[in-house]
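*Asks:* The following block contains a protein sequence and its predicted model.
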Amino acid sequence: MGNVFTSISEILGGKKTGEVAIRGWVYRKRSSGGMHFVVVRDSTGVIQCAVKKDVVDAKSFENAEKVFIESSVIVNGEVKEDNRAPGGYEIQAKQFELVHLGEAFPIAKDQSVEFLLDTRHLWLRSQKLTNIMKARDYIVRYLREFFYNKGFRELSPPIITRAGCEGGSTLFKLDYFGKEAYLTQSGQLYNEAFITAFEKVFILAPSFRAEQSRTVRHLCEYWHLEPEMAWYSQEDNMKLQEEMVEEVCQRMASEHADLLKELGLEPDRLKKVKAPFPRIDYEELIPKMHELGFKKFKWGDDLGSDEEAALTKELEKPIFIHNFPKGMKAFYMREDPEKPGTVLASDLQAPGGHGELIGGSERIWEMDELLARMREEKLRIEDYQWYVDLRRYGSVPHSGFGLGIERLVKWMLNLDHIRDAIPFPRVINRVYP
Ligand code: 4AD
Ligand code: MG
């Protein structure tokens with residue numbers, strides 16, 4: 001393949017005229033008289049190729065005649081500006097070569113959700129999923145850049161661990177050469193070891209939760225962005241979160257408005273996401289929930305999806321809920337000295353009922369306090385000895401948070417279901433393909 005290939009976006013951008021060679025996959029096809037109009041897609045765009053009987057050789061014409069949707073092809077021809085063609089340009093083919101004819105593509109219009117999930121490996125080629133995954137890629141880049149620009153380092157935590165981080169009920173157990181181990185729920189505890197060397201670190205790694213229920217916002221495997229910062233208070237922590245969310249939304253709206261529009265979204269929706277975000281103390285949440293019609297909501301109750309939807313329905317930006325009762329939250333969260341019985345922690349709830357985007361807290365950094373709390377929670381301290389040890393040598397106040405990438409993508413792109421925010425979703429009834 002000695003040819004130099006042109007990307008379709010270069011042609012559509014008017015940067016390439018005259019003779020070109022493109023390669024890609026058949027996106028659509030129609031025929032009339034002695035012509036085949038084959039729309040070809042590559043990773044940058046789609047363009048129509050006109051294959052005319054009296055212009056191309058017999059083999060090329062036959063190839064264009066028999067291609068299936070998604071056959072892979074190489075087209076040589078002349079670029080022509082043509083207002084009737086989608087995108088304003090078309091290629092008048094001189095040669096139409098088959099790389100792989102393949103078989104008839106199994107996905108057509110109006111297929112069931114289950115069928116599309118079974119053929120996810122093929123469905124990923126669709127415009128919709130391609131656009132979502134492009135947006136996801138930008139979102140992840142912007143997040144990384146945000147942290148690099150603030151002097152954070154990225155490190156990698158272990159995925160197999162003996163230390164549950166977020167309670168026993170969602171742990172995936174595995175047999176580690178005869179010992180019980182788990183797929184990690186969060187890299188946070190390891191992150192807390194990193195900060196004594198690096199001060200500001202983040203990890204971006206998969207987390208696992210054996211979620212027993214089917215919801216539109218839970219995955220069993222999701223990508224977890226977890227920053228951890230030495231010397232940060234919970235107040236600093238919340239400021240960092242809102243600055244991060246603001247930046248990602250602003251950059252998406254200004255740098256990728258076209259992509260958002262292709263996804264049927266109004267970029268202004270993200271433009272409105274500016275810090276500071278509203279905050280509500282858990283204590284104030286109780287009368288608020290009563291006002292919203294959840295009369296039974298009481299101290300210690302968690303928000304269900306109906307409650308979350310009611311609370312965030314009218315909002316334009318996310319809202320922090322903070323100072324939860326200690327008993328509701330994980331063992332490592334520091335009690336608020338000014339509000340005993342509550343922890344220095346916050347959940348960031350997305351607008352429009354998309355659910356919790358971020359959970360964060362100031363960590364207990366004194367050993368006695370941590371041990372007392374672990375005993376209260378009946379944790380097997382031997383499995384966490386190393387974590388306790390971090391409080392033995394030069395412990396410092398610190399805070400951090402965890403953001404579910406797919407939750408952020410779901411909200412930013414206003415998706416109905418979290419499974420479309422990840423290429424191969426893992427949920428309770430699906431581990432294939
Ligand atoms: O609130 P969580 O459980 O907090 C932690 O794991 C902390 N250790 C994080 C930290 O402080 N470093 O999870 C954090 C976030 C949630 O806010 C949510 O966005 C996402 O992870 N998340 C899920 N996303 C998809 N599917 C699930 N089953 C999720 N569970 C949590
Ligand atoms: Mg949480």
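*Replies:* It's in. Ligands and ions are numbered 1, 2, ... in the order given.
*Asks:* so how far is stretch 220-235 from its chain's centroid?
*Replies:* With Cα atoms, centre = their mean, to the nearest Å as the basis, stretch 220-235 stands 16 Å off its chain's centre.
*Asks:* do that stretch and ligand 1 meet at all?
*Replies:* Yes. Residues of stretch 220-235 are located near ligand 1 by Cβ under 6 Å from any ligand atom, namely 222, 224, 226. No exception for glycine: its C-beta is placed from N, CA and C like everyone else's.
*Asks:* Which residues belonging to that stretch are considered buried?
*Replies:* 220-230, 232, 234 (16 or more other Cβ atoms under 10 Å).
*Asks:* again with stretch 277-295
*Replies:* Applying a neighbour-count criterion of 16+ other Cβ under 10 Å, one finds 277, 280-282, 285-286, 288-289, 292, 294 buried in stretch 277-295.
*Asks:* Could I get the full set of strands for the stretch 1-150 of the chain?
*Replies:* 18-32, 35-42, 45-52, 72-81, 89-100 (DSSP state E, counting those that start in this stretch).
*Asks:* Please identify which of the buried residues of stretch 220-235 is nearest to residue 424.
*Replies:* Looking at the buried residues of stretch 220-235 and their distance to residue 424, the nearest is residue 221, at 8.8 Å (Cβ to Cβ).
*Asks:* gap between the two ends of stretch 372-382?
*Replies:* 14 Å (Cα to Cα, to the nearest Å).
*Asks:* now that stretch: mean pLDDT?
*Replies:* Stretch 372-382 carries an average pLDDT of 94.
*Asks:* what's stretch 56-74 in contact with?
*Replies:* The contact list for stretch 56-74 (Cβ atoms under 8 Å, 6 or more residues apart in numbering) reads 3, 5, 21-29, 31, 36, 38, 40, 51, 53, 93-105, 122, 125.
*Asks:* just to revisit the earlier point, format the strands of the stretch 1-150 of the chain as CSV; extra columns: distance to residue 254.
*Replies:* Formatted as CSV, the strands of the stretch 1-150 of the chain follow (distance: least, Cβ to Cβ, whole Å):
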stretch, distance to residue 254
strand 18-32, 29
strand 35-42, 26
strand 45-52, 21
strand 72-81, 30
strand 89-100, 27
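*Asks:* Looking at these, spot the one closest to residue 414.
*Replies:* Comparing the strands of the stretch 1-150 of the chain by Cβ to Cβ, strand 45-52 comes nearest, at 24.0 Å.
*Asks:* quick one, that closest one and strand 72-81 angle?
*Replies:* Counting by axes from the mean of the first three to the mean of the last three Cα atoms, to 10 degrees, strand 45-52 lies at 90 degrees to strand 72-81.
*Asks:* quick one: which of the buried residues of stretch 277-295 sit in helices?
*Replies:* 282, 285-286, 288-289 (DSSP state H).
*Asks:* on that earlier part again, which of the contacts of stretch 56-74 are buried, as a PyMOL select command?
*Replies:* For the buried members of the contacts of stretch 56-74, the matching PyMOL selection, counting by 16+ other Cβ under 10 Å, is:
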select buried, resi 5+21+22+23+24+25+26+27+29+36+38+40+51+93+94+95+96+97+98
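*Asks:* Tell me the buried residues in stretch 72-84?
*Replies:* Buried positions in stretch 72-84, judged by neighbour count with 16+ other Cβ under 10 Å: 72-77, 79.
*Asks:* One more: stretch 258-273?
*Replies:* 259-260, 263, 265, 267, 269-270, 273.
*Asks:* ok, back up a step: check the buried residues of stretch 277-295 against residue 350 and report the nearest one.
*Replies:* Minimum distance to residue 350 across those is 10.6 Å, recorded for residue 277 (Cβ to Cβ).
*Asks:* I'd like to know how far the nearest residue to the closest one once chain neighbours are set aside sits from ligand 1.
*Replies:* Among residues not flanking residue 277 along the chain, residue 242 sits closest, at 4.8 Å (Cβ to Cβ, 6 or more residues apart in numbering). According to Cβ to the nearest ligand atom, to the nearest Å, residue 242 stands 15 Å off from ligand 1.
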